[in-house]
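Student: Below is the sequence, then the predicted model.
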Amino acid sequence: MARKFLVGGNWKMNGSNQLVSQLVKALNEGSWSSNVECVIAPPAPYLASVRSGVREAVGVAAQNVWVDPKGAFTGETSTEMLKDLKIDWVIIGHSERRSIYGESDELVGKKVAAALKAGLKVIACCGESESERDANKTTEVVFRQIKAIADQLSAKDWANIVIAYEPVWAIGTGKVATPQQAQEVHKEIRDWLAKNVASEVAEATRILYGGSVSAKSSPDLQKEKDIDGFLVGGASLKDKEFLEILNSRQ
Ligand SMILES: O=C[C@H](O)COP(=O)(O)O
């Protein structure tokens, strides 16, 4: 079964009414192959307006969610609220959530489970830091992060999960992983899924690459066998470039 290529745009904490309108307009007027799925993740205050403004075919993701359905959790957003706003996706475990807000592997696993239970689809992030790569700990770190998610799930839950491999040293640095570096880790992740979850899950799960993806790097990265899409940060805020990235896959 072919895995549909997915290009996600993580806007992080960027945007304004003006920029949001510009990006939504570009996605409504732009075109890309029907073999490519597009998902954008605006900051929480813009989720509702983006969902109602952007065409149906474009998925909309939150950048974070909390595990409890409601209550005294100041500043948090629940899975129920996202469903209420007709948001279909949520990014969980981004390295910025892990490093700046101290999210543990265990919490990330619980968030993924809560989101899936609520009927959301999840982009679950993993990736090693530069020092971990230098110490040859890339797979050890990535497997530990994925195991913490897998521990909370059954094999059927994986139908609604996409993994984003985002080496921390490549995020926002302009230092994109080479296609070979990314492919190597993606293949390791797929093999891990085959061994620890199920071979069908390994075959069907999309593994995105994220970290300084640009219109320049995407054409070569997308050629790799186990790269099933991208999670784009900075370049997703530039309408023309994001459309070019969407079009790097036919
Ligand atoms: O979620 C997206 C990643 O953090 C990549 O961000 P970047 O493309 O700005 O490096």
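Tutor: Sure, I can see it.
Student: tell me the pLDDT at the residue in the chain that the ligand sits nearest to?
Tutor: Relative to the ligand, the nearest point of the chain is residue 233 (2.2 Å; Cβ to the nearest ligand atom). C-betas here are computed from N, CA, C, even on glycine. Per-residue pLDDT puts residue 233 at 98.
Student: how deep is it tucked in, by neighbour count?
Tutor: Residue 233 has 23 neighbouring residues, counting by other Cβ atoms under 10 Å.
Student: By residue count, which helix of this protein is the longest?
Tutor: helix 179-196 (DSSP state H).
Student: Quick one: mean pLDDT over the following helix or strand past that helix.
Tutor: Sequence-wise, the next helix or strand downstream of helix 179-196 (DSSP states H and E) is helix 199-204. On average, the pLDDT along helix 199-204 is 98.
Student: what helices or strands is helix 199-204 leaning on?
Tutor: Helix 199-204 is packed against helix 179-196, with contacts defined by 3 or more Cβ pairs under 8 Å, 6 or more residues apart in numbering; DSSP states H and E.
Student: So for the helix it packs on, what gets flagged as buried?
Tutor: Buried residues in helix 179-196, counted by 16 or more other Cβ atoms under 10 Å: 179, 181, 182, 183, 184, 185, 186, 188, 189, 190, 192, 193.
Student: Just put the residues you listed in TSV and tack on pLDDT.
Tutor: Shown next, in TSV, are these (pLDDT from 0 to 100):
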residue	pLDDT
179	98
181	98
182	98
183	98
184	98
185	98
186	98
188	98
189	98
190	98
192	98
193	98
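Student: Let me have those residues in CSV, extended by distance to the ligand.
Tutor: Shown next, in CSV, are these (distance: Cβ to the nearest ligand atom, whole Å):
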residue, distance to the ligand
179, 16
181, 15
182, 12
183, 18
184, 19
185, 15
186, 16
188, 20
189, 17
190, 20
192, 21
193, 21
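Student: from those residues, which is closest to residue 5?
Tutor: Nearest to residue 5 among these is residue 186, at 13.2 Å by Cβ to Cβ.
Student: Isn't that closest one up against residue 230?
Tutor: No. Using Cβ atoms under 8 Å, residue 186 is not in contact with residue 230, being 11.8 Å away.
Student: so what sits against both of those two?
Tutor: Contact criterion Cβ atoms under 8 Å, 6 or more residues apart in numbering; residues shared by residue 186 and residue 230: residue 209.
Student: bridging residues for residue 9?
Tutor: Beta-bridge partners for residue 9, by DSSP bridges, are residue 40, residue 232.
Student: same check, this time on residue 124
Tutor: residue 92, residue 163.
Student: so who does it touch?
Tutor: Contacts of residue 124 were listed using Cβ under 8 Å, 6+ apart, and they are 92, 93, 108, 112, 146, 149, 161, 162, 163, 164.
Student: Residue 247 now?
Tutor: 32, 33.
Student: Tell me the pLDDT of the closest residue in space to residue 171 that isn't next to it in sequence.
Tutor: Nearest residue to residue 171, sequence neighbours excluded (Cβ to Cβ, 6 or more residues apart in numbering): residue 211, at 5.0 Å. With respect to pLDDT, residue 211 has a value of 98.
Student: quick one, phi/psi of residue 211?
Tutor: Note on residue 211: its backbone torsions stand at phi 140, psi 100 [degrees, to the nearest 10].
Student: wait, it sits on residue 166?
Tutor: Yes. Counting by Cβ under 8 Å, residue 166 is a contact partner of residue 211 at 5.2 Å.
Student: Can you pull the residues that touch both of these two?
Tutor: Joint contacts of residue 211 and residue 166 (Cβ under 8 Å, 6+ apart) are residue 127.
Student: Can you give me the end-to-end span of stretch 30-40?
Tutor: With Cα to Cα, to the nearest Å as the measure, stretch 30-40 spans 14 Å from end to end.
Student: Near the closest residue to residue 191 other than its chain neighbours, how many other residues are there?
Tutor: If the residues on either side of it in the chain are set aside, residue 191 comes closest to residue 202, at 7.2 Å by Cβ to Cβ, 6+ apart. Residue 202 is flanked by 18 other residues according to other Cβ under 10 Å.
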